[in-house]
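Undergrad: Sequence and predicted structure are below.
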Amino acid sequence: MDVAGTVALSRQSGLDREMRVIANNLANMSTTGYRRERVVFSESVKTAQGEADSISMSSLNTRYSDVAPGAMRATGGALDLAIDGEGFFQVEGPTGARLTRAGAFMKDANGQMINAAGEFLLDGGGAPILLPPGSIDVEISADGTVTAGGDPVAQLGLFVAAEGASFEREDGVRFRSDQTFEPAPDARIMQGQLEGANVSAVGEMTRMIEVQRAYEFSQALQEREDERQRSVVRTLGQAPQ
């Protein structure tokens, strides 16, 4: 059994996947509402068959999204929204309802508030928000009250995943669940602002260097083990018969 090679290969496989996660985080540094993705490694210790010693194998056990808030950027846009506190906007498209912190919205031809993907922004009851034709001076207060021309027209909802429900990453800005979403009572709306990605360029680059060095170390270990085995074969081949 090539123990050293097996251990090094298991480590390299996980590091390669982590490198792709880091690269994706860096590529989305300017994506509004993007949530950084992180990985968790696990270690398993096994006894080699027919041997007394054990070996330690590492694997990338899971990936998860960092929901820490990103930096706020003032835009002045009436339909640009950010969230202060824990909570998400609920949007709905062809694949169903999703949660997102990406708050760049616009009004479609029917007066409904949508995002760049064409998904409808939903109110507290789960219905699309409809702005009156020719509506001007749209204001959205901290509690989600939407007014147009001074008249209230909708109540924007903020949501979180239900306790015990799944919370799965669909892409960098959308999340889905196996249960209906629950209101986020302590979150507040910030009109005229957008939340950026919660990605630190310095942090990601530092981790990228660490992963690259760990990968190179595993590669060097494999090369040394390969040379050791070749040396043994050469020595045995030169031994007197």
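TA: Right, received. Where do you want to start? What you are looking at is a predicted structure, and each value in this text was computed from that prediction instead of being measured.
Undergrad: Just give me the longest helix of the protein.
TA: Ranked by residue count under DSSP state H, the longest helix found in the chain is helix 201-238.
Undergrad: Give the other helices and strands that that one contacts.
TA: helix 3-27 (3 or more Cβ pairs under 8 Å, 6 or more residues apart in numbering; DSSP states H and E). C-beta: built from backbone N, CA, C; applies to glycine.
Undergrad: How far does the helix it packs on sit from its chain's centre?
TA: Taking Cα atoms, centre = their mean, to the nearest Å, one finds the center of helix 3-27 at 18 Å from the center of the full chain.
Undergrad: residues in contact with A74?
TA: Applying Cβ atoms under 8 Å, 6 or more residues apart in numbering, we find A74 in contact with G192, Q193.
Undergrad: okay, now the closest residue in space to Y34 that isn't next to it in sequence: neighbour count?
TA: Nearest non-adjacent residue to Y34, counting by Cβ to Cβ, 6 or more residues apart in numbering: A197, 3.7 Å away. By other Cβ atoms under 10 Å, 22 other residues sit near A197.
Undergrad: Going by secondary structure, A197 is in what exactly?
TA: Using DSSP states H and E, A197 maps to neither a helix nor a strand.
Undergrad: ok, now M190?
TA: M190 belongs to strand 188-191, assigned by DSSP H and E.
Undergrad: State the mean pLDDT of that strand.
TA: When pLDDT is averaged along strand 188-191, the result is 96.
Undergrad: Format the CA atom coordinates belonging to that strand as CSV.
TA: Only the C-alpha atoms of strand 188-191 are listed here, as CSV (Å, rounded to 0.1, in the frame of the first residue of the first chain):
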residue,chain,number,x,y,z
ARG,A,188,-34.1,47.4,8.8
ILE,A,189,-34.3,48.7,5.2
MET,A,190,-31.7,51.3,4.0
GLN,A,191,-32.9,53.1,0.8
